[in-house]
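J.: Make a model of this:
(2 chains)
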Number of protein chains: 2
Amino acid sequence: MISIADARARILAGLRPTAAEIVSLPEAWGRVAAAPVVARLSQPPVDVSAMDGYALRAADAQAGNVLHVIGAAPAGHPFAGSLSAGQALRLFTGSVMPAGADTVLLQEDAERRGEHVRVQETMAPGRHIRRAGQDFAAGETVIAPGRRLNARDIGLAAAANHPWLRVHRRPRVAIMATGDEITLPGEAIPAGGIVSSNAHALAALVRAAGGAPMVLPLARDEIGAIGAAVDALDGVDLLVTTGGASVGDHDLVAAGLATRGLDLDFWKIAMRPGKPLMFGRLREAGHGVPLLGLPGNPVSALVCAILFLLPAIARLSGEPGAAAEPETAKLGAPLRANDQRADHLRATLTKDAAGGWVATPFAVQDSAMLRSLAAADALILRPPHAPAQEAGEEVPVIRLGPLGV
Amino acid sequence: MISIADARARILAGLRPTAAEIVSLPEAWGRVAAAPVVARLSQPPVDVSAMDGYALRAADAQAGNVLHVIGAAPAGHPFAGSLSAGQALRLFTGSVMPAGADTVLLQEDAERRGEHVRVQETMAPGRHIRRAGQDFAAGETVIAPGRRLNARDIGLAAAANHPWLRVHRRPRVAIMATGDEITLPGEAIPAGGIVSSNAHALAALVRAAGGAPMVLPLARDEIGAIGAAVDALDGVDLLVTTGGASVGDHDLVAAGLATRGLDLDFWKIAMRPGKPLMFGRLREAGHGVPLLGLPGNPVSALVCAILFLLPAIARLSGEPGAAAEPETAKLGAPLRANDQRADHLRATLTKDAAGGWVATPFAVQDSAMLRSLAAADALILRPPHAPAQEAGEEVPVIRLGPLGV
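T.: Numbers count the residues shown, from 1 in each chain, chains lettered A, B, ... in the order given. Modelled structure (predicted):
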């Protein structure tokens, strides 16, 4: 058995980011930049007013002065002339500062009477001006490659004058659920059968992580069927299987995939739920498709997907790929000492009086109970051999909501 | 001026959830359930084995007993007969328990020899069986309406045998940027002009919140142009404008919209950045389109969108709609006392030695500086009249990354 961190490191080392593609600015949200976004102009391009008011010379900005208003320069309509002593120009937020002026008088500090304005408050030189390039200068990198673009980044790329962006292609993740007992939702269920839930839960997780999921037809528990299913994997960046990674006689995924040249990296991880887990590469599928084999139990499959598949998709997407950042919570109930396997306890989160998180584990943690996983707000992370802990002690937790899973 | 909480409450009170539509299970990720999801079957449907091993009678599960293995029942292939005393049946995780058996012997506690198996460890009656309905029973509501469906919910809905789900339609949010000075990215920029960044940043934010954005053509600073722009709003659930909500002579949005029957709810909020803000309803557009008028400065527009537009989209989407949940961080730098307006300081987040967040505000908080907003990890929330605070004191923060904005 190997540790979770070792397993994740090996998976990440076995994956390469997808190639770049060009998308239009509005399509780039949630994608990962594949090249630096370099400002094509300075922002603001010239000195502009930061407020509604009047442009004037600092020497004239003395309380009591009365100035002649020679015109107005709304944003987008710069003033062509130059300002002289004793003159003022009506400005608005974003208006270009006229030549000859070096200070802005706020409109609430000005008394306008016809063509004249009276200064009510003395202004220091240079006040209320946004200098050219204050936000960014032409030629500066405003977004670094490897960053997943949020709404603010989209605004910044727009302001830097980019209608197109170079981003990593969404990773294509094929998902194969195996087992004679599973059937698709809404289809006739044979005796002893259950409805397949892993494939579509994992497809949703892939979407949440920014990947493009592809759900393969269900594969029966036969070596031939499993091998044949992977013959359509051209262009796939990662194959995810569920089930068949355990030690039972009918866990045939590894045997089926071996018929397509499977190099298997490891088998078991010192964790719960989810001990049986595979990572490898199918030499003879596509141009060598990486394989992540998840357990068949729904909770085990999703917990392993959170720990390993989310970082894998991040890595394929052009990010470094790392474990979800744990937060700290106080235990809402005591925990017994842990054994040699890292544990991931489904828990609800509430807030205590001080605003901190309280994580209360569910009493039953059976890996087939999907409903309690859906009801959980977080996973409590317990390292191997963690000692018994009392309610109120601090534990690391992974919040599930922000991950979209 | 009114408070942020009052403004948000008024906005939410003025919005109704969209109607329901039917989507296929894989399309339902990130959507909000519009009806309870009721289990169509029990999970598991019958008693099944929780492990790989052997079914047997509890009376036979004594260390040293040797039992006759009468067959195997892989998952999906239930055993048709009944188990008698002295007999065992090979089972795998998920296999249906055969009639006559009430206990499962783990395969690691069994020594198999040909057609016989020797019990190595005495098993308590009922061990390693998942009881019918242990996860959920047919007829139980497994997902309540109003829940935004994550990957676990998709798995749960699948397991409950639902190929289709009833969800709220994505709210259609039209975005209108106004101003003579703005132009689209990549287009020729006239003298004194700047590139429009708000509309596409807001469109990305709408997508992040699960809405369907529609960016209207840029509207010039003319009453007629602004009024005409809203004549195409049939079927739109919310109109968002940027700019023109201030007090300058060229802030014409309210005047332009007034030509289409604008009932304005309020004008100003005791907050920074973003004091100028409008909410109302356009009586004569569509069937009465709600209007949220955001400030024109990019930082103000996005901060106001985080505070007001995200909850508005949540409400339209079928959720209750609430402010982003603040977290607690320690200040990385001292703060001066605040004035009468709530403040939202852009800040970086780091972790201290104990794993807690440290929020360090940027020295310059100019509302035109989009780059520092993009570089921020969080907004520090400062209530009106907050006292001066030292580094190390606790403050509430909103983390931006988990919001996708």
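
J.: Now do the contacts for A:L252.
T.: Counting by C-beta atoms under 8 Å, 6 or more residues apart in numbering or on different chains, A:L252 touches A:178, A:221-223, A:226, A:244. (Glycine included, C-beta is placed from N, CA and C.)

J.: Can you report how many residues neighbour the nearest residue to A:D265 once chain neighbours are set aside?
T.: Of all residues not flanking A:D265 in the chain, A:F279 sits nearest, at 4.5 Å (C-beta to C-beta, 6 or more residues apart in numbering or on different chains). A:F279: 22 surrounding residues under other C-beta atoms under 10 Å in any protein chain shown.

J.: State whether A:F279 is indeed within a helix.
T.: No. Checked against DSSP: H, G, I helix; E, B strand; the rest coil, A:F279 lies outside a helix; its state is strand.

J.: Sitting in strands, which of the contacts of A:L252 do you find?
T.: Judged by DSSP state E, the subset of the contacts of A:L252 located in strands is empty.

J.: I'd like to check which residues are in contact with the residue nearest to A:D265.
T.: With contact set as C-beta under 8 Å, 6+ apart, A:F279 has these partners: A:7, A:10-11, A:14, A:264-266, A:290-293, A:308.

J.: before we move on, the earlier item: which single one of the contacts of A:L252 is nearest to chain B?
T.: Closest approach to chain B among the contacts of A:L252 (C-beta to the nearest C-beta): A:D221, at 6.8 Å.

J.: pLDDT of stretch A:162-172, averaged?
T.: On average, the pLDDT along stretch A:162-172 is 98.

J.: Equivalent analysis for stretch A:11-30, please.
T.: Stretch A:11-30 comes out at a mean pLDDT of 96.

J.: Can you give me the end-to-end span of that stretch?
T.: One end of stretch A:11-30 sits 23 Å from the other (C-alpha to C-alpha, to the nearest Å).

J.: Tell me how far that stretch lies from the chain's centre.
T.: Using C-alpha atoms, centre = their mean, to the nearest Å, the mean C-alpha position of stretch A:11-30 is found 12 Å from that of the whole chain.

J.: Stretch A:292-312 too?
T.: 18 Å.

J.: on that earlier part again, from the contacts of A:L252, list the ones also adjacent to chain B.
T.: Contacts with chain B within the contacts of A:L252, as defined by C-beta under 8 Å from any C-beta of the partner chain: A:D221.

J.: Between the contacts of A:L252, which has the least confident prediction?
T.: The minimum pLDDT among the contacts of A:L252 falls on A:G244, with 67.

J.: what about A:A337, neighbour count?
T.: A:A337, neighbours per other C-beta under 10 Å, totals 10.

J.: again with A:G86
T.: 14.

J.: So it is in contact with A:Q62, correct?
T.: No. In this structure, A:G86 is not within contact of A:Q62 by C-beta atoms under 8 Å, at 11.7 Å.

J.: how about the nearest residue to A:V299, chain neighbours excluded?
T.: Leaving aside its chain neighbours, A:V299 sits nearest to A:S367 (4.4 Å; criterion: C-beta to C-beta, 6+ apart).

J.: check contacts around A:S49.
T.: So A:S49 contacts A:55, A:91-95, A:97, A:104, A:128-130 (C-beta under 8 Å, 6+ apart).

J.: which one is it nearest to, not counting chain neighbours?
T.: A:L91 (4.3 Å).

J.: next one: A:R220
T.: Closest residue to A:R220 apart from its sequence neighbours, by C-beta to C-beta, 6+ apart: A:D180 at 5.7 Å.

J.: Quick check: pLDDT value at the one you found.
T.: The predicted local confidence for A:D180 is 82.

J.: likewise A:A323?
T.: 90.

J.: all helices of chain A, in order?
T.: A:4-13, A:151-159, A:198-208, A:223-229, A:253-258, A:298-304, A:310-317, A:370-375 (DSSP state H).

J.: Turn those helices into CSV, columns for mean neighbour count.
T.: Formatted as CSV, these follow (neighbours: other C-beta atoms under 10 Å in any protein chain shown):
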stretch, mean neighbour count
helix A:4-13, 17
helix A:151-159, 28
helix A:198-208, 27
helix A:223-229, 18
helix A:253-258, 22
helix A:298-304, 29
helix A:310-317, 25
helix A:370-375, 23
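
J.: Distance to B:N338 added to the ones you listed, as a markdown table?
T.: Putting the helices of chain A into a markdown table (distance: least, C-beta to C-beta, whole Å) gives the following:
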| stretch | distance to B:N338 |
| --- | --- |
| helix A:4-13 | 43 |
| helix A:151-159 | 24 |
| helix A:198-208 | 37 |
| helix A:223-229 | 62 |
| helix A:253-258 | 60 |
| helix A:298-304 | 44 |
| helix A:310-317 | 38 |
| helix A:370-375 | 40 |
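
J.: what sits against the nearest residue to A:A59 once chain neighbours are set aside?
T.: Distances taken as C-beta to C-beta, 6+ apart place A:A85 nearest to A:A59, at 7.0 Å, with adjacent residues excluded. By C-beta under 8 Å, 6+ apart, the contact list for A:A85 reads A:57, A:59-60.

J.: measure A:V206 to B:A63 for me?
T.: 46 Å (C-beta to C-beta, to the nearest Å).

J.: Now do the residue nearest to A:V299, the pLDDT please.
T.: 82.

J.: Give me the nearest residue to the residue in the stretch 201-350 of chain A positioned nearest to chain B, chain neighbours excluded.
T.: Of all residues in the stretch 201-350 of chain A, A:A201 sits closest to chain B, at 2.8 Å by C-beta to the nearest C-beta. Using C-beta to C-beta, 6+ apart and skipping the chain neighbours, the partner closest in space to A:A201 is B:G155 (2.8 Å).

J.: show me the residues around that neighbour that make contact.
T.: So B:G155 contacts A:197-198, A:200-201, A:204, A:298, A:302, A:370, A:374 (C-beta under 8 Å, 6+ apart).

J.: again with A:D102
T.: Counting by C-beta under 8 Å, 6+ apart, A:D102 has contacts A:57-58, A:125-126, A:129.

J.: Out of these, grab the one that's most surrounded.
T.: A:I129 (21 neighbours).

J.: Just give me the neighbour total for the closest residue to that residue other than its chain neighbours.
T.: Nearest residue to A:I129, sequence neighbours excluded (C-beta to C-beta, 6+ apart): A:D47, at 5.4 Å. A:D47 has 20 neighbouring residues, counting by other C-beta under 10 Å.

J.: quick one: A:D47 and A:R131 touch, right?
T.: Yes. Counting by C-beta under 8 Å, A:R131 is a contact partner of A:D47 at 5.6 Å.

J.: Just want the residue of the stretch 251-400 of chain A that's nearest chain B.
T.: The nearest approach of the stretch 251-400 of chain A to chain B comes at A:A374, 4.3 Å away (C-beta to the nearest C-beta).

J.: Is it correct that that residue is in contact with B:L156?
T.: Yes. Using C-beta under 8 Å, A:A374 is in contact with B:L156, at 4.6 Å.

J.: Quick one: low-confidence residue ranges for chain A.
T.: Scanning chain A for pLDDT under 70 picks out the ranges A:244-251, A:266-267, A:286.

J.: quick one, domains of it?
T.: Using automatic domain parsing, the domain parsing of chain A gives A:4-17+A:170-317, A:20-43+A:135-168, A:48-130, A:327-403.

J.: contacting residues for A:I129?
T.: A:47-50, A:97, A:102-104.

J.: An error on my part: the question was meant for A:P213.
T.: A:173-175, A:202-204, A:206-207, B:26.

J.: got it, and A:L331?
T.: A:358-361, A:380, A:389-395.

J.: what's the distance between the nearest residue to A:P402 once chain neighbours are set aside and B:E325?
T.: Leaving aside its sequence neighbours, A:P402 sits nearest to B:P402 (C-beta to C-beta, 6+ apart; 3.7 Å). Distance, B:P402 to B:E325, using C-beta to C-beta: 9 Å.
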